[in-house]
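Novice: here are the coordinates; sequence isn't available:
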């Protein structure tokens, strides 16, 4: 099968890749770019562990063909911090115990970013809806919701 | 209250930064040059003889590097006890559950391995199966093992006091049948590992919450000494007992493929493999009989427990033990009889899961107690306070409680406005009914199994005053690394940042039993405390000599070392460390310690003695909305009053309680494997419904302080009580809202609607009379 050449911006850096049409965005990120932050758990778009932002939208990267990234911008968890400085959402997750085992965390944090970018005033109900596609077994979600609320508050001053 | 510097503080997790940046690496994130992929071939039948396996087509596929079948393991099998070693890495003669591993392939990449797995041709002769534990008990039931009579995998019996006398003394005796559902641990990270077999032996980077189990299994299977088995712990994406506390077909096959090829070999299970074939909680039937006096005093209880064990015994004997040994808490029970049967069936294997064993029988007893109290006109709080144990207490089966916050916990819940105003908050008109319920439980901490049970610690002092702390205890997400580091820091008067902890590596870290039974904070914590004190004592000897004072007068606190009552004699910790390390020709300061308490007699046959070192007490209030049209139940509010002795890290204790409670809600309301002749019909996260964020109520956690004498800094368990207390509190709340007693979990919309219809029907029939 023919390999397709694609160019896209990955975490702010222009990159190129050659991918077969059946390769998923998640496989390309994890195996070709060694960005293993996004996880594969269900592989069916149900759990959100593989969430990244593609072309401004949060996607389950396990369901998206890698070729879809062509000409787009991709943001993964590895691209969220500004050098040593954590993004306010990351800071809030650390401060407010927003993670336990951490396996859902990269996807959860990316979903939270997508949510707060669209709705900086998100209240508790909106946050719960915003992360309804991200499964977490450890926390019971309470501390995740608190973390995102705290991040929303912290980000107010920075806008 | 003692004044601590680090203990009791809401310190962020030490692994938080690695986890929010994606830096934390899990087993599936590991890759090595030349690495091969292993894939397991699984049985499509629940019960069948293996007649023949043809591997030739798979072997001929380009890229395939090997195929294994059961005979490659030379008859080796493993199990929890010597007499239950019945599980083979790959089944040789017979498969006993659908999805049991029968062969494995390895290939240059994952796609080729998957394709090769489909080319392995296995010829089976199907056998009749048995899929229900009560059916399995019948004389003419298909038998799973030739050497086992009547499919009894394990039975366990307790008999204390005189239950018949107790029932005679009661004013009310009830018998009810309770059923718990088929649920799974639900970790998000599927099991994965990379195995490398070379001149140094086996190295396994594996997703294990108790790496020393697989360490022993691999040594035994490959006839290697233990110093040639190295299990290195990546970050672990959740455990919750069962699968990640055991070995897998993939572990053995990857190691053997690596031995044969000289290459690192990796496997990652799919979520479908997890949900269809991995260990799950036993579903159980509990026939419970309880006697109660008019004043609410419980006089006797007899529980008959029948568990679906699935195809192998695994850790089932301990499960059965826990269903009974913990029934004598949290309420006084002078007469108690327990008969537990773990039945083999051709279903996937039942094993440990958070709240192990206790969740089944506590649910039965807690709900039955409240049904009886209602019949006798006794308030839910009053019946609990009437029977609640207080410390010190010894149960009829010699379980000893040295600290107990149960009464305070129940009173805290009773004083909560949501309980006080429960009848005002309740509504039964309109399509959504609302109600409130309570429950209580005890859970053991510092759990013991058989064999090696202690935890150990080694602390190396660096000359700049920082320390390396080595433990064999695994943080699989619960936050134990952070708490253990806090303990070391507190004892040495250091900051958390001064203490380094690495992930478990069996070649470097001291042997440890594992992360199960809420034992890490209690036992690894005790070991950490001992090792830190060892370092402190060695340093104190140097300081005492320098200052010409007694070593016992030296204090370590907030990065400083000083003589008690003599503020002039003081120096920074790092200065003392340097002074000590460079004394003479140079000193090497290593601290060591291990937990050697909780070693009193435990009679595993009769259920006598302490299965843990201490006992937590959890009291819980839950409020629910019941949609009478759809049958859907949503928890709206929860208050958990938890006695963990002393929270060493309160934010982590809250988080543990919240997570456990939601896992309990999943079990009570949403989660259930649908089975058809041993086949799991819903092996996807779409169809197996675990709670999501919108399902989460407001969960308020209140700490009840009791300072247990056996725990480090007074600590007891904090992660399992709420998974046990959540289901009965949900069920008593649903009763408050609807007037219906549900005795079978989960309370699916279908069950709820059917029960409401039946209730309406009964009411309207009664109206006509």
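Specialist: That came through fine. Just so it is clear, the model here is predicted, and its values are computed rather than measured. Numbering: from 1, shown residues only, chains lettered A, B, ... in the order given.
Novice: Can you give me the pLDDT of the spatially most central residue of chain B?
Specialist: Geometric centre of chain B, nearest residue: residue B:354, 3.0 Å, by C-alpha atoms, centre = their mean. With respect to pLDDT, residue B:354 scores 98.
Novice: Now the residue lying closest to it once chain neighbours are set aside: which helix or strand?
Specialist: Nearest residue to residue B:354, sequence neighbours excluded (C-beta to C-beta, 6 or more residues apart in numbering or on different chains): residue B:240, at 4.7 Å. For every residue, glycine as well, the C-beta is placed using N, CA and C. Residue B:240 is part of no helix or strand, with elements assigned from DSSP states H and E.
Novice: before we move on, what about residue B:366?
Specialist: Assigned by DSSP H and E, residue B:366 belongs to helix B:358-375.
Novice: What's the mean pLDDT across that helix?
Specialist: 98.
Novice: mind listing what's buried in that helix?
Specialist: Judged by neighbour count (16 or more other C-beta atoms under 10 Å in any protein chain shown), helix B:358-375 contains these buried residues: B:358-373.
Novice: same deal with stretch B:612-627?
Specialist: Neighbour-count burial for stretch B:612-627 flags B:612-626 (criterion: 16+ other C-beta under 10 Å).
Novice: Name whatever forms a beta bridge with residue B:566.
Specialist: Counting by DSSP bridges, residue B:566 is bridged to residue B:563.
Novice: any idea how far it is from chain A?
Specialist: From residue B:566 across to chain A, the span is 39 Å (C-beta to the nearest C-beta, to the nearest Å).
Novice: Which positions in stretch B:158-178 come out as buried?
Specialist: B:158-161, B:163, B:166-167, B:169-170, B:172-173, B:176, B:178.
Novice: ok so, going back, output the contacting helices and strands for the helix or strand following the helix holding residue B:366.
Specialist: For helix B:358-375, the succeeding helix or strand toward the C-terminus, using DSSP H and E, is helix B:380-387. The criterion is 3 or more C-beta pairs under 8 Å, 6 or more residues apart in numbering or on different chains; DSSP states H and E, and the helices and strands that helix B:380-387 contacts are helix B:358-375, helix B:406-415, strand B:432-445.
Novice: One more pass at 6 Å, please.
Specialist: With contacts taken as 3 or more C-beta pairs under 6 Å, 6 or more residues apart in numbering or on different chains; DSSP states H and E, helix B:380-387 sits against helix B:406-415.
Novice: Would you confirm that residue B:621 contacts residue B:413?
Specialist: Yes - using C-beta atoms under 6 Å, residue B:621 is in contact with residue B:413, at 4.8 Å.
Novice: Next, show the common contact partners of these two.
Specialist: Residues within reach of residue B:621 and of residue B:413 at once, by C-beta atoms under 6 Å, 6 or more residues apart in numbering or on different chains, are B:419, B:438.
Novice: Next, give phi and psi for the residue nearest the centre of chain A.
Specialist: Nearest to the geometric centre of chain A sits residue A:110, at 3.0 Å (C-alpha atoms, centre = their mean). The phi/psi pair for residue A:110 (degrees, to the nearest 10) reads phi -70, psi -40.
Novice: So, low pLDDT: which residues of chain A?
Specialist: A:1, A:159 (pLDDT under 70).
Novice: distance of the residue of it found nearest chain B from residue A:48?
Specialist: Using C-beta to the nearest C-beta, the single residue of chain A nearest to chain B is residue A:37, 2.3 Å away. From residue A:37 across to residue A:48, the span is 13 Å (C-beta to C-beta, to the nearest Å).
Novice: Ok, residue B:432 next?
Specialist: Using C-beta to C-beta, we find residue B:432 at a distance of 29 Å from residue A:48.
Novice: Comparing those two, which shows the higher neighbour count?
Specialist: residue A:48 (27 against 17; other C-beta atoms under 10 Å in any protein chain shown).
Novice: nearest spatial neighbour of that one, skipping sequence neighbours?
Specialist: With C-beta to C-beta, 6+ apart as the criterion, residue A:48 has its nearest non-adjacent residue at 3.5 Å, and that residue is residue A:134.
Novice: give me the element the residue of the stretch 551-700 of chain B found nearest chain A is part of.
Specialist: In the stretch 551-700 of chain B, the residue found nearest to chain A is residue B:662; the distance is 3.3 Å by C-beta to the nearest C-beta. If you go by DSSP H and E, residue B:662 is part of helix B:650-665.
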